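*Asks:* Attaching a predicted model along with its sequence, questions to come.
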Amino acid sequence: MSTFELLGMGFQNAFALSALLTIVIGLMLGVIAGALPGVSFVNAMAMALPFTYSMMPTQAMLFLGAIYVGGVFGGSISAIIINVPGTPASLPACWDGYPMTQRGEVRRALAVAIAASAIGGLTSALVLSFAAAPFATFALRFSQPEFFAATVLGLISVIAISKDRPIVSLLSLFLGMVIGTVGVDPIYGVARFTFGVPAMQSGINFVVVMIGLFAISEVIDLIATNRDLRPSKGVNVQSKVTLRDFWDVRGAIFRGSAIGSILGVIPGAGATPGAVIAYGIEKQVSPDGDKFGTGIMAGLAAPEAAKNATTGSAMVPLLTLGIPGSAATAIMLAAMMLHGVNPGPLLFLNDPTMVYTIFAAMILANILMIFAGIGVAQFFSTLMKTPPAVLGAFIILLSIIGAYGVRNNIFDVYVCIFFGFVGWGMKRIGFPTAPLVLGVILGPLAERYFMTSLANYNQDWTVFFTRPISGTILALAAVFALWSLWPVLRARYRSVVLLLADRPGR
Amino acid sequence: MRKLGRFAFGGVLVAGAFAMANAAIAQDYPNRPIELVVTFGPGGGADVMGRQLAQILETELGVSIPVTNVAGASGNAGLTRLRTSPADGYTVGTLISLTVASWAADIGDNTPEDFRVLAIVQSTPSFLYVAADSRFETAEQLLDYARDNPGELTVATSGYGTQDDVALITMAEQGFDMVNVPFSAPGERYTAPLGGHTDLIYEEPGDVVQFLESGEYRPLLIFSEARHPEFPDVPTSGELGLNMVYLNTFRTLAVPAATPEDVVARLEAAVVAATQTDAWQAFCAQTYTCLEPVTGEAAQQEILTFFDAIAAQLED
Amino acid sequence: MSPLRTETGGAKHRAPHMGRLLQTVLSRIALPSGILALTLILPSYMFHRPLRIRARGLGPDAWPTIFLNAIAVIAVLWIITELWGVFAEQKRKRTAFVPEQTEVYSYRKAAGGMALLLGFAWLLPNVGFAISAALFIFCWCLLGGIRNSGILLAVSVIGMITLLWVFMGLALMPLNRGVGVFDDFSVWFLRLLRIY
């Protein structure tokens, strides 16, 4: 049977009432969990896992897949409305999405975000359906040096994001990378920076750091300023959403979708580096690049498309090779194994119906997500009408539950509150917080790839440059860094001092 | 003052009432959900084992058994939670070989004496595999090459200081020097030989079923006293003249050491019964981990033996 | 869009007093100096117990050391540029880390909020999620200026029960139950809510 016939059969299955219902419920749950500050889609998928025991294996995968698709988008709702990223990948959505909300263009921001996410997700689901096999072989050629190079590209994009103050951003990034080394090291299994506290051996989890830095500190600001979150009542005429808006950001969506689809295949952190790199590249490419951070639609659309474009392609290595590249796909793997299904090349031979039903469901889920997204976003906008104090109390409790839920560890609650205070202080003095979070996310990955590369290639560090794919990515990273820094480097004496010129932290 | 006294008195009464309410029903253990602490994140071998067992135990024990993933510090974060929970049988945890190995590297603040092992439910020897297109057809070819070209062959393992490492060090001491390439992320470890990035991979069969079934991995050598019934053609390390300490990967369920005997007995019986069910048998057959569950002193002893073997390797 | 306060260099007409200059210098290099000091102190605290492992190639200290050194270099660069900035002040607009001044900011309320968070963190493991969450919502709303006791009570109790239902009941999360009497209370309460 051809791919089209198989996919047609998959669509028939996905449109069955029970399957459709599973997808819709999963999407709603995913979007809500993603949108709740603190509770990420990985939390939600882990929580949903026990409920999949009683389902058929295909249904279980549809359910988890829908939560995944919905959750990756959902994080942007809270990022846009209250400047708190619901999941790490929604971090860039704060940078241009929240300024739009402040201007009263919240509906426009949400519409662009939903459209970009859906198109990104759809692109990726199509890649999954039609190009899974070649993509999987491509991913196999990636060894540890290539992963390292890709991570370096993600780290470099931090400079691109904040080119006015590269030195302070770099410092923040490196601090994050050192924070990421706390705990048991991945190679030797020895504890680092624990100061004799056994709980510190668990390490500092990036989700917990992010919740603290963004959600907790934001709520402290909220109570200190008595800021009103109620959107100013339609004073802004521009808030009307027009088709023209979507057409204007088509390039950003296209680039974001491409970047996300490619990066999603590579095991690792997936959605977050995808979104950040897409933002960095868009900032360079877009004619409005220098205005990014003030509520530019392209700056919102590109990372939105990219992060949802990792959802489908992240399932490529899972389904074709049986390799989970991220926490989300690891949970899907567990669900399959609990049903006695082993993903891998044999799955395509033994149970093509299941595989193609999953493909069809992923395509469908990304279309249905538009409605789920609009519904939940509407609900969240209504929630903003509650008094800020009540809202703040619940955001904090949800954040703490979310931090706790990452590993069900009370230590993480303390870490989260600690970083809440640190984040508050950083914001007050205008020290950038986003690079620090990226350091905590990407640092441990980079270390692991670096150390394993050296062990694998005879402790020869030139391997990063001599292997063709790795060398190419690193060269790209260098070009990217120079390109972003060029305006700064070109500047004369007076502007050199502006290296440190301040830019608001938010 | 009087008000305070009355308040305190009231407090004591209320406390007493709760204690009694809970104690009265504590006769028929278990009467509320039992928390199963899986000491690793969702998706790993310990998680799948724990969830499978929890599902079966729910019917055995008649209460719901929610699984809690407490990952961190090589499984010690979860064990610390288990150890510090009330020893009333309402918290059960997974204790696996990787965590026991981590104790030898001074990780965690747990000791074997802190826990009472209910049963070793999974135990499996490990193999050396090559990718399907490897130049090595037999274990003899592999060993000859390793002896003639020390330090050239690379083996994907789960890290330094693990049983994988111990096995490779023991082989190196006998003249078969291969390079340990630590991959702490299982997914990356499995792809390493497939992409041709390492020559071999050291792994238990249950974690790489998909590659064994599809023929992408060929097992060359088993580290065990006897051949594996599922892989009768794969020679043992002993047959090839290797002198190894056999360190199986094992997974157990454990409770805090102070848990009352009758509760332990009830749980132990339930776990043993669970491993006899069709659901579990199908699961363990799928992951090549079937065995008669080892309980009580024998289980405790097996863990100590494993710990000592790893610690001895790290000493020198 | 920049909430940043930009001070125009007032030094055009007169040289700054030495004492004030010193104060400016110190305040502007305080943060980078602190970070620099941290990078010098931290390496000796990397491992709590002496290592028993044999390193193959780079040891477990290599990666953190690289980045601690990188931070030190950047901190020094930062200090240099700050000093340069202070002395080149006359020539340019001075920009420095200044809190956003776009709105009235009550540091007392912020401190109060942080104190509440610390209290909550301490209470949570001891008295359990139910009591500590209800107390927290109550106090936070009070801090936020809600004075209607009916609303305060309703929000905290209903809110707490909703959270318990969703996370302990539906999502099966093992939130803290507290210790001793509070554990007994929590178990009783969860039974009352039909969660257990």
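*Replies:* All right, it came through fine. Keep in mind that what you see is a predicted model, and the values were worked out from it rather than measured.
*Asks:* Tell me who's in contact with whichever residue of the stretch 251-400 of chain A sits closest to chain C.
*Replies:* Proximity of the stretch 251-400 of chain A to chain C (C-beta to the nearest C-beta) peaks at A:A389, 2.2 Å away. Backbone N, C-alpha and C define where each C-beta goes, glycine included. By C-beta atoms under 8 Å, 6 or more residues apart in numbering or on different chains, the residues touching A:A389 are A:I223, C:W140, C:C141, C:L143, C:G144, C:G145, C:I146.
*Asks:* let's see 7 Å
*Replies:* A:A389 is in contact with A:I223, C:W140, C:C141, C:G144, C:G145, C:I146, counting by C-beta atoms under 7 Å, 6 or more residues apart in numbering or on different chains.
*Asks:* Verify the stated contact: the last one with C:L153.
*Replies:* No - C:I146 lies out of contact with C:L153 (C-beta atoms under 7 Å); the separation is 10.9 Å.
*Asks:* More neighbours: those two, which one.
*Replies:* C:I146 (17 against 13; other C-beta atoms under 10 Å in any protein chain shown).
*Asks:* quick one on the thing from earlier: narrow the contacts of A:A389 to those that are buried.
*Replies:* A:I223, C:W140, C:C141, C:G144, C:I146 (16 or more other C-beta atoms under 10 Å in any protein chain shown).
*Asks:* picking up where we left off before, part of a helix, is the residue of the stretch 251-400 of chain A closest to chain C?
*Replies:* Yes - per DSSP: H, G, I helix; E, B strand; the rest coil, A:A389 lies within a helix segment.
*Asks:* Check what pLDDT it gets.
*Replies:* pLDDT recorded at A:A389 is 88.
*Asks:* How about it: what's its closest non-neighbour residue?
*Replies:* Nearest residue to A:A389 in three dimensions, chain neighbours excluded: C:G144, at 2.2 Å (C-beta to C-beta, 6 or more residues apart in numbering or on different chains).
*Asks:* Mind checking the pLDDT average for stretch B:239-252?
*Replies:* Stretch B:239-252 comes out at a mean pLDDT of 88.
*Asks:* didn't A:A149 look like it was pressed against A:F464?
*Replies:* Yes - here A:A149 reaches A:F464: they are 6.4 Å apart, a contact under C-beta under 7 Å.
*Asks:* now for the longest helix belonging to chain C, which elements pack on it?
*Replies:* Across chain C, the longest stretch assigned as helix under DSSP state H is helix C:62-87. Applying 3 or more C-beta pairs under 7 Å, 6 or more residues apart in numbering or on different chains; DSSP states H and E, we find helix C:62-87 packed against helix A:166-179, helix A:493-497, helix C:18-41.
*Asks:* Buried deepest among the ones you listed, which one?
*Replies:* helix A:166-179 (a mean of 25; mean count of other C-beta atoms under 10 Å in any protein chain shown).
*Asks:* hang on, the earlier thing: now the longest helix of chain C and helix C:18-41, what's the angle there?
*Replies:* Helix C:62-87 and helix C:18-41 are oriented at 170 degrees to each other (axes from the mean of the first three to the mean of the last three C-alpha atoms, to 10 degrees).
*Asks:* how about the helices in the stretch 1-150 of chain A?
*Replies:* For the stretch 1-150 of chain A, the helices defined by DSSP state H, counting those that start in this stretch occupy A:3-14, A:17-35, A:41-48, A:57-82, A:91-102, A:106-140, A:144-161.
*Asks:* right, and the ones you listed - which one's nearest chain C?
*Replies:* Closest of those to chain C is helix A:41-48, at 4.1 Å (criterion: C-beta to the nearest C-beta).
*Asks:* and the closest one, what's its mean pLDDT?
*Replies:* When pLDDT is averaged along helix A:41-48, the result is 84.
*Asks:* And stretch A:429-442, by the same measure?
*Replies:* Averaged across stretch A:429-442, the pLDDT comes to 87.
*Asks:* quick check, it touching chain C?
*Replies:* Yes - using C-beta under 7 Å from any C-beta of the partner chain, stretch A:429-442 reaches chain C at A:I429, A:G430.
*Asks:* ok, and does that stretch reach over to chain B?
*Replies:* No - using C-beta under 7 Å from any C-beta, stretch A:429-442 never reaches chain B; the gap is at least 14.3 Å.
*Asks:* Just the terminal-to-terminal distance for stretch B:209-223.
*Replies:* Distance across stretch B:209-223, first residue to last, is 18 Å (C-alpha to C-alpha, to the nearest Å).
*Asks:* Quick one: mean pLDDT over that stretch.
*Replies:* So the average pLDDT for stretch B:209-223 ends up being 91.
*Asks:* Tell me the buried residues in that stretch?
*Replies:* Buried residues in stretch B:209-223 (16+ other C-beta under 10 Å): B:209-214, B:216-223.
*Asks:* Equivalent analysis for stretch A:270-289, please.
*Replies:* A:270-283, A:286, A:289.
*Asks:* So which residues on chain C come close to chain B?
*Replies:* Checking chain C against chain B by C-beta under 7 Å from any C-beta, the hits are C:R49, C:R52, C:I53, C:L172, C:P174, C:V181, C:D184, C:F185, C:V187, C:W188, C:Y196.
*Asks:* I figured the last one hits B:N31, correct?
*Replies:* No - no contact is recorded between C:Y196 and B:N31 when judged using C-beta under 7 Å, the distance being 8.8 Å.
*Asks:* Is there any residue in stretch B:248-256 that contacts chain A?
*Replies:* No - Stretch B:248-256 lies out of reach of chain A by C-beta under 7 Å from any C-beta, never closer than 14.1 Å.
*Asks:* who has more neighbours, A:A149 and A:F464?
*Replies:* A:A149 (25 against 22).
*Asks:* can you pull the contacts of the more buried one?
*Replies:* Counting by C-beta under 7 Å, 6+ apart, A:A149 touches A:F464, A:S470, A:I473, A:L474.
*Asks:* now the residues you listed as JSON lines including distance to A:V112?
*Replies:* Listed next are the contacts of A:A149 as JSON lines, based on distance: C-beta to C-beta, whole Å:
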{"residue": "A:F464", "distance to A:V112": "38"}
{"residue": "A:S470", "distance to A:V112": "35"}
{"residue": "A:I473", "distance to A:V112": "30"}
{"residue": "A:L474", "distance to A:V112": "33"}
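*Asks:* Highest neighbour count among those?
*Replies:* Each of these was scored for neighbours by other C-beta under 10 Å, and A:S470 scores highest at 24 neighbours.
*Asks:* Tell me the secondary structure at that residue.
*Replies:* A:S470 ends up helix, using three-state DSSP.
*Asks:* Now the one residue sitting closest to the centre of chain A: closest residue in space, sequence neighbours ignored.
*Replies:* Taking C-alpha atoms, centre = their mean, the centroid of chain A lies closest to A:A89, which sits 1.9 Å from it. Among residues not flanking A:A89 along the chain, A:A271 sits closest, at 3.7 Å (C-beta to C-beta, 6+ apart).
*Asks:* ok, now which ones touch the one you found?
*Replies:* A:V72, A:A89, A:K307, A:T310.
*Asks:* so which of these is the most crowded?
*Replies:* A:K307 (38 neighbours).
*Asks:* and the stretch 401-506 of chain A, which of its residues are near chain B?
*Replies:* Residues of the stretch 401-506 of chain A lying near chain B (C-beta under 7 Å from any C-beta): A:R407, A:N408, A:N409, A:R448, A:T452, A:A455, A:N456.
*Asks:* Include pLDDT and secondary structure when you put these into JSON lines, please.
*Replies:* Below are those laid out as JSON lines (pLDDT from 0 to 100; DSSP: H, G, I helix; E, B strand; the rest coil):
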{"residue": "A:R407", "pLDDT": "85", "secondary structure": "helix"}
{"residue": "A:N408", "pLDDT": "86", "secondary structure": "coil"}
{"residue": "A:N409", "pLDDT": "87", "secondary structure": "coil"}
{"residue": "A:R448", "pLDDT": "90", "secondary structure": "helix"}
{"residue": "A:T452", "pLDDT": "93", "secondary structure": "helix"}
{"residue": "A:A455", "pLDDT": "92", "secondary structure": "helix"}
{"residue": "A:N456", "pLDDT": "92", "secondary structure": "helix"}
